Structures are given as C-alpha cells and as structure tokens.
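*Asks:* sequence isn't available, so here's the structure alone:
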Ligand code: ADP
Ligand code: MG
C-alpha cells in the first residue's frame, strides 16, 4: 500500500530523546489526555487514520524491480557510513540473497549509527527510488529484528497523534484498553439488524487491526461497513444529544411575548419601504415563536443586504409591546453604532428609550447607561459584548438578538442568555449573513430553528465582479476617479496580513497616502482597527454624508456597514481573503439603485485555491452558492471553525459523503427519545460516545 514516507521509527528507550529523557508513564498519560484520551473507551474509539502494511516482505531484487511504491524488505547491514555530499547524511546498505539496496537518512541520531551497525538484521519499509548509484530508500521506516522474526498478521494502524507521543505508545495504550473495556453493544440487536449495521465490537476491532484480506480502499476511504457502524454511532450520539438539548430548552420557562401592539404597528407603518415577502414570512415565524412560553432559539439567515436589521427591530418591538426589554449585540463598535443610529431613529420618535452600551463609553456614561438598563427605563439596549458584563443587569430582558452570531463564542452567547430574570430565559434571535448549508445546519444546529430571507429588497442591481492583476492598478485608480466624478463613493480594502497587525496598519497607511496623492481632487479617508471609536465614528460619518468619496479600510468594514451610495469596491490582494470574507466585503456595495462593481486585485501567480475562490466570486453573488463552494473547497471542519462547532464534534462521519447516515441517525434518535423504554439505551450510548463532552453541543 503506498503511504507517505515517515520519520524513522524510534525504538524505546534509546531513541526516545525528548529533552528530559525518557517518556515516563505519567508523561504518556498526560500526552494522551491532551488528545482527549482519558478513559479506556476513549482509547478504543481513537481509530486509525491510515494503515501500514508490514505483513509482507519482498526480496530486495523484487522490490527494486517493482520500484516506485512502498515495499518492505529485510536484509543484513553490509555498509554503514556518514557521507557529506551534498550534506551530512547516514548511508546504510542492506543485502539479502537477491540483492542490495541503499538506505539514506538525512536527519539521524548518533544512536542510529550504532543501531545500524554492520551485521545487524533489519526490516525496512519505504519507497524504492532508482538513483544514480542504484536503488535506494530515503528515510525508510525500519526495525531491528532477529532472523525468522514473525511478520504481523494484520495491517499496522497509524493513529492521529500529538507531539512527543510516538505511535508505539499509542498502539500499546489502545491494545491494553481493548482488553479491559466493556464491549457491550449500546444498540439493541434488533436495531442493528434492521439498519444493516455491523456489530460494535467486531467493527471496532477490525478498524484497529484489519487482516490483510480486508479491502484496503474501503478502509482508507472509510466506506467499509466497520466504518459505517462507527459513523452511525457517532452521528446518533450527536443527534441524541442535540435533540435532548432541544427538549431541555422547551422545558424551560420564557416570558411569552404575546403582544404585537402599538409600537410594532406604528413602527411598521412608519418604515419608508414595504417588507419583502421573505421578510414578512420570517417575521411571522419569529412572532409565533416569541408568543411561546419556552425560549425561542432561532437563526435568521439572509444574504448581505437582505434586510435582517428591520426584522430584528420588529422582533424587539414585539418584546417592548409585551412589556419586556430587548438587547441587540453586535461584534464590532462600528456595526453596533450603525444599528443604534438606525434603530434609535426608527424607535425614539415612537417614544421608546434606546440605550447604547459599548466598552469605549466613558465611565460616567457607562454607569448612566447601565442604570437606565437596570431601572427598566431603557427598553432596548444596543451594543457590543460590553452588554454581557457582570455589571449589566436588566429589569426584565425578554429577547436577545445577536447579530453576526458566528463572530461570537458559545460562552458569550450563553452569558447573554443568562441575563433573564428568575430563571426565565430570554428568547434568542441570532442573525448571520454567512449561510450555513443545509446538512451542516441540520447536524450542528439541530436545536436551532432556521429562518431564511431568500430575497433581496427590490431595486437592487446586481454587482459586477472582476478579477484584475495587481499590475493594472493605475487603471483601477482611474476608475475610482471616474466613479467619484459621477457622485458615487468607493471602498478600497487593504490587504489582509494575518501575520502582523502592525504590518497591516502600515500597508493601509501607505495605500491611503498613495491614493490621496493620486486623487488630489477627492477626499480620501482611512479607517482601521487601531483608531479610537470616536475617530472611527467621525470618519464613518463623513463617508456616510458623502463628504468623503473614497474610504481606505482594513477589514474593519467587513461586517454590516451600510452606505447605499457606495457603488465601487476595490479589494487589494483579494487572493489572501477567504470566500465568505470576500462575499461580506463585496456586500458593502450594491445596496443602492446604482450599478455596482467589485474589483478584486490579485497578485499573480495565483495558487489553485485562490484561483477557485476568485472564479467563484466572479461567477456568483448568491451567498448560499458561495457557502456551498466554500464548503467544497475547504471542507466542513474548517468551514465552521472550532468556535462554531464547539470543537470538531464529528471525528469520523463526513457530512458531505455521509448525508444518508445523518438522516438515519436522526430518525433513530427521534424514535429512541420517544420510546420511554429506550431511556437506558440513550444514556449508555451518549456516555460511550460523548462522555463528559455533551455541554459543547448545547448552544
Ligand atoms: P443585512 O441583512 O445585510 O443586515 P440591512 O438590514 O443592513 O441588511 O439592510 C440593507 C439595506 O436595505 C438597509 O439600507 C435597509 O434599510 C434596506 N432595506 C431593508 N429592507 C428593505 C425593504 N423591504 N425594501 C427596501 N429596502 C430595504
Ligand atoms: Mg446586518
């Protein structure tokens, strides 16, 4: 089986040479714990990521003849020398009765030189290459053996591991655990048969130590029935846990926000536009949820510019109409401030006190704001995560709205949720422009109702997107000028420099200078994360009022900024941004009636992934389609980030390829939870698969 070459196997104890000497038992335990392997069952469910075939030995002549792939050979060391050309390296020759092959080690320990002394018999596995001086293996995996040593009868598992935790320790720990663990199947035999699943014990044993006859490809691509069983169990545990969280939520009390009254009606009537059908539909869904006596947990998805804010404000109006307070939390000051202005302008004329609460308020202002919140004079509070501080107490918080929810950690959302009174949990409305594909939403957010605004307000013209080589910057500057001449406004987004915020700032400052020089008749502004909130605000105000035509920005404008007159977006080094980031940035234009353009400046040559991203951006403006492609390019783990997934929850199942299993697991979970006789099955299954980790899944 072809496998990537590996570092030489280090034989204990001579070669375990981490600083500080031997890997002690306690040490090993700590390292296993770091991988989350605490109990015997944890170890047993730590399954191989691949296998090595050490069950066969080829003669050296045969291996050399076949070449090209990984083979295992056995021979006696005939030569052992340290070469220096082109660099220091250990060259070892081994021979059997059919021939001779060179083993080359670029990095080696002194102990290895001794270990591979002439006359030593070894087995070596590696890719056979034909070099100038004949056949060789570079960095083979090898083992010193006695003549006639038996070959393993099963493939050798290779486990996901951590630093300083060699495979042999993991293998031994797992094999030991397999002897002690309780193998009882958590699922009733009848269910296992009906679902055509393998039995638990043989499936898991086979995955650890597959015999050579087992279809290797099915093992590697995880389509083997043994994998299916494990994936099913994993998905079932996840679904059970999520559904239980849902039941738990429904058993909790929340204030029923029954009244869509005066404020809601006056507000909707005063809006300068009519809600789109999609907005009205999701509003109805939210309104129905808010009337319930258990807390709503709803995600409001809608592409950038779909008009989520007004829906959120109408939800807040219902809470206020019903005599409760509402809070809206946004991830950045700029965004919170925009919400505040917009919503305060809508609501204050109708007699609602709206309060603004962020970290940047002066102490006195903050004290005043928190007093207004606590006394209940403030009916609606808008701010950043300052809202969740201990000092903030609400009179009677009925609804929590979290904008750009993916920007917040699970803990932050929980804290806000716990700000309700006397055990009542506020209803929760989360908003996101980053659409989550259906399969992901279903598994990761089983305890979340989802509303989707799938229609943009009328009168928007589609954004035209072009990718342009960086060396045509002059043309781009000319377009910026032309746009400004026509009375339009421009965003110029500076490159993302992940390694260094300071460097990013420097680049932004330079870009600003260059553009200001190139466009002397225009007012060119600069906004970045290091500015004080008041300075940031002054700049955003000037841009909103069209006193400033060009706004050079770092990614601080990524979310939510709303200036409808801006119709040209330039993104420098677009190849450094992720798809959803590009989509968010592009969404800053195309908000008015003017035809909008997004120019993606890139530095060639482009890598494969960057090329795919830019192509996707050119081809579509549909956020859901973009999310789908993003998932394709990156895979779900990265797509969600550990922040959202609450640590990679699925280790074995793959949501793309195992969608059918997700459905089955969900149905089974449903059936088990609705059958009182199955309570114990549910418990043991969850215990086996999640142990103490269930908390992660609850938010
Ligand atoms: P997002 O969903 O990205 O948060 P916003 O709520 O900021 O979008 O709305 C984008 C813009 O569209 C705002 O200027 C908003 O006032 C406007 N808008 C929202 N709903 C409608 C509508 N039904 N008709 C016209 N304009 C609307
Ligand atoms: Mg928004």
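*Replies:* Sure, I can see it. Computed from a prediction, not measured in an experiment: that's the story for all the values here. Ligands and ions are numbered 1, 2, ... in the order given.

*Asks:* okay, CA-based contacts and neighbour counts for the rest of this
*Replies:* Noted.

*Asks:* what residues are up against residue 431?
*Replies:* Applying C-alpha atoms under 8 Å, 6 or more residues apart in numbering to residue 431 gives the contacts 299, 300, 301, 302, 308, 401, 402, 403, 404, 405.

*Asks:* farthest pair in these?
*Replies:* The span of these, defined through C-alpha to C-alpha, is set by 302 and 401 at 14.8 Å.

*Asks:* between the two, which is the more surrounded one?
*Replies:* Between residue 302 and residue 401, residue 401 has the larger neighbour count (other C-alpha atoms under 10 Å), namely 27 against 24.

*Asks:* ok, the more buried one touching residue 319?
*Replies:* No. Residue 401 lies out of contact with residue 319 (C-alpha atoms under 8 Å); the separation is 11.3 Å.

*Asks:* from residue 307, how far out is residue 282?
*Replies:* Separation of residue 282 from residue 307 (C-alpha to C-alpha, to the nearest Å) stands at 11 Å.

*Asks:* relative to ligand 1, how far out is the closest residue to residue 202 other than its chain neighbours?
*Replies:* In space, and not counting its chain neighbours, residue 202 is closest to residue 226: 7.9 Å by C-alpha to C-alpha, 6 or more residues apart in numbering. Here residue 226 is placed at a distance of 45 Å from ligand 1 (C-alpha to the nearest ligand atom, to the nearest Å).

*Asks:* hang on, residue 226 in a strand?
*Replies:* No. Going by DSSP: H, G, I helix; E, B strand; the rest coil, the assignment for residue 226 is helix, not a strand.

*Asks:* count of neighbours near residue 87?
*Replies:* Applying other C-alpha under 10 Å, I find that residue 87 has 9 neighbouring residues.

*Asks:* isn't there a strand covering it?
*Replies:* No. Counting by three-state DSSP, one finds residue 87 to be coil, located in no strand.

*Asks:* just checking: what are the partner strands of the one helix or strand residue 491 maps to?
*Replies:* Here residue 491 is covered by strand 489-493, with elements defined by DSSP states H and E. Paired neighbours of strand 489-493 in the sheet (DSSP bridges): strand 550-553 (parallel), strand 566-571 (parallel).

*Asks:* sorry, back to before: closest to ligand 1 out of the contacts of residue 431?
*Replies:* residue 308 (3.8 Å; C-alpha to the nearest ligand atom).

*Asks:* what residues are up against residue 295?
*Replies:* 249, 250, 252, 253, 254, 255, 425, 426, 427, 428.

*Asks:* export those to a markdown table and append columns for pLDDT, secondary structure and neighbour count.
*Replies:* Shown next, in a markdown table, are these (pLDDT from 0 to 100; DSSP: H, G, I helix; E, B strand; the rest coil; neighbours: other C-alpha atoms under 10 Å):
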| residue | pLDDT | secondary structure | neighbour count |
| --- | --- | --- | --- |
| 249 | 76 | helix | 18 |
| 250 | 79 | helix | 16 |
| 252 | 80 | coil | 13 |
| 253 | 84 | coil | 17 |
| 254 | 87 | coil | 24 |
| 255 | 88 | coil | 25 |
| 425 | 86 | coil | 25 |
| 426 | 91 | coil | 31 |
| 427 | 94 | strand | 30 |
| 428 | 91 | strand | 24 |
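
*Asks:* out of the residues you listed, which is nearest to residue 146?
*Replies:* Lowest distance from residue 146 to the contacts of residue 295 (C-alpha to C-alpha) belongs to residue 249, with 63.2 Å.

*Asks:* now do that closest one against residue 290, distance only.
*Replies:* On the measure of C-alpha to C-alpha, residue 249 and residue 290 end up 14 Å apart.
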